[in-house]
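In: Next comes the sequence, and after it the predicted model I'd like to discuss.
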Amino acid sequence: FFLFHWRQLDFPIMATKKSKSIKDAKGKDKWDPIPNLKWNEKSTVELKDLVTQMELDRDSYCKKRNSVQVELGSIQSYNEITQERTRRLDMETEKIDLEIENCIEDNSVELQVYEQKKFFLNY
C-alpha cells in the first residue's frame, strides 16, 4: 500500500553529483543518449515513461544485435566451408597436374624407347 502511494508522489529530485565525463575538445559531452532533455524538469510519470521507452529501445537493439551476430556466424561458417572446399580443389588440381606431368614424362620415355628400337631395327 505504501509503495503504491509512494510511487505516485512527486518528490523533488535531488541535485546530482558532478561526475567526470568524457568531453571533446570544445568541452561538450561526447555522448548523450537523449539530447536536449532536461531531467530535472520531468515528473516521475514522464521519467517512468521515458525509462520504459528506453528499455523497449534497448530490447529492440539487443534483438537486432543478436540477429546480426547470428548472420555473422552463418557468414563465417560459410567462409570456412568455402575455404576448405577451395583447399580441397587446389589439392585435387595439384594431384591432376602431377599425373599429367608423369604421363608426359612417361610418354617421352616411351617415345625414346620406340625411337631406339626403330634405330636398332634399322641398323
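Out: Perfect, thanks for sending it.
In: Longest helix in the protein, please.
Out: Longest helix of the chain, by residue count under DSSP state H: helix 44-122.
In: Listing request: residues of this structure with sub-threshold pLDDT.
Out: 1-39 (pLDDT under 70).
In: Which elements pack onto the longest helix of the chain?
Out: If you count contacts as 3 or more C-beta pairs under 8 Å, 6 or more residues apart in numbering; DSSP states H and E, helix 44-122 packs onto no helix or strand. C-betas here are computed from N, CA, C, even on glycine.
In: ok, now with 10 Å
Out: Using 3 or more C-beta pairs under 10 Å, 6 or more residues apart in numbering; DSSP states H and E, the elements in contact with helix 44-122 are helix 2-8.
In: can I get the CA coordinates of stretch 114-123 in PDB?
Out: The C-alpha coordinates for stretch 114-123 follow below in PDB (Å, rounded to 0.1, in the frame of the first residue of the first chain):
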ATOM      1  CA  TYR A 114      60.500 -46.700 -79.600                       C
ATOM      2  CA  GLU A 115      63.000 -44.500 -81.400                       C
ATOM      3  CA  GLN A 116      65.800 -46.600 -80.000                       C
ATOM      4  CA  LYS A 117      64.000 -49.800 -81.100                       C
ATOM      5  CA  LYS A 118      63.500 -48.200 -84.600                       C
ATOM      6  CA  PHE A 119      67.100 -47.300 -84.700                       C
ATOM      7  CA  PHE A 120      68.200 -50.800 -83.700                       C
ATOM      8  CA  LEU A 121      65.800 -52.300 -86.200                       C
ATOM      9  CA  ASN A 122      67.100 -50.100 -89.000                       C
ATOM     10  CA  TYR A 123      70.700 -50.700 -88.000                       C
END
